[in-house]
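> coordinates only, sequence not included:
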């Protein structure tokens, strides 16, 4: 056993929640962003401006989601080059076989294939043949066996959440908004979670609301400490920047969480906000305006499919209110109360410079 542990350590194979649940999952979200999400955005731009070239470019990017996710995961796991490059084939096969739940299948199978590849890497004199062969064959065989059921399971859970949101928009609006919003600020990937579960529709709208509440909320309530730089880095970047401060004083998180609990059901019950773009957009919030762009691309897709007549003024009002205005108003009001009772004080949300 000790020899095996030493072997794993030498091969940099670390079986841990951080390595797989945070590092790999977060990297997978970046792979999705650089393929499917960018492809969707380009496709939307191309459709709006009547550019077939941009639509075609977007299509190429979207088709590379599987390889991009797998390679990103391999990068996070610190794979040697031959293993890393071989994961492209594993990701392509897994995403295709996983169907709607492809991202979850890629996460699991790419991790296994990467670790197997790392264990055989540079163990023979014909490494150039053995490492890619073992990585690709083990990954694709595993994908053939378990990717379809994994995909079906993820799709079932996602469908269940979306169906529950349709049936109970108030309660599920709160739950989805709060949970996804919290995941956005934690060092895990809300984007990957939404993609894994395929969250769209009203559930996707609630997820967008929760993420925007965290990002815009923290950006506004910490403006005194962080000025314009902090407003932009949190409002268009990520609220995860506040994690260090949350650890020091968890009460600073109350206002954004309560805000998401308010805007979530407003999105589902009042504005009927649906996110029918790429599922990964549901977990991005205002990061690069990806969440709102996802909602908009969903409108465009629905119109093209004949499911929606046109984009109305109420659509825009709902999106702007949920994504920007309400978080910017509600979160500071709640935070003001927290300051009055001494739970939060000036300087608690100061971001580290550099």
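Looks like it came in fine. This one's a predicted model, so the numbers in the text were calculated from it and none came from an experiment.

> low-confidence ranges in the stretch 101-250 of the chain?
188 (pLDDT under 70).

> For it, just list every one of the helices.
Shown for the stretch 101-250 of the chain, the helices assigned by DSSP state H, counting those that start in this stretch span residues 102-120, 127-167, 169-185, 190-197, 201-221, 223-232, 243-248.

> closest one to residue 335 among those helices?
Residue 335 lies closest to helix 201-221 among the helices of the stretch 101-250 of the chain, at 4.4 Å (Cβ to Cβ). C-beta here means a position set from N, CA and C on the backbone, and glycine is covered the same way.

> tell me the angle the closest one makes with helix 223-232.
Angle, helix 201-221 to helix 223-232, by axes from the mean of the first three to the mean of the last three Cα atoms, to 10 degrees: 130 degrees.

> want to try TSV for the helices of the stretch 101-250 of the chain, with mean neighbour count and distance to residue 5 as columns?
Output for the helices of the stretch 101-250 of the chain, formatted as TSV (neighbours: other Cβ atoms under 10 Å; distance: least, Cβ to Cβ, whole Å):
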stretch	mean neighbour count	distance to residue 5
helix 102-120	26	13
helix 127-167	18	21
helix 169-185	24	32
helix 190-197	30	30
helix 201-221	32	40
helix 223-232	14	44
helix 243-248	14	31
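
> which one of these lies closest to residue 273?
Among the helices of the stretch 101-250 of the chain, helix 201-221 comes nearest to residue 273, with 3.6 Å by Cβ to Cβ.

> Surely residue 311 touches residue 298?
No. Between residue 311 and residue 298 there is no contact under Cβ atoms under 8 Å: 10.4 Å.

> Need phi/psi at the most far-flung residue of the chain relative to its centre.
In the chain, residue 125 marks the outermost C-alpha relative to the chain mean, sitting 40.6 Å out by Cα atoms, centre = their mean. Per-residue torsions, residue 125: phi -80, psi -10 (degrees, to the nearest 10).

> now it: how far from residue 131?
Distance check for residue 125 against residue 131: by Cβ to Cβ, to the nearest Å, it reads 12 Å.

> sorry, back to before: which one's more surrounded, residue 311 and residue 298?
Using other Cβ atoms under 10 Å as the criterion, residue 311 and residue 298 rank with residue 298 on top: 26 against 14.

> Now do the same contact list for that one.
Residue 298 makes contact with 200, 204, 274-277 under the criterion Cβ atoms under 8 Å, 6 or more residues apart in numbering.
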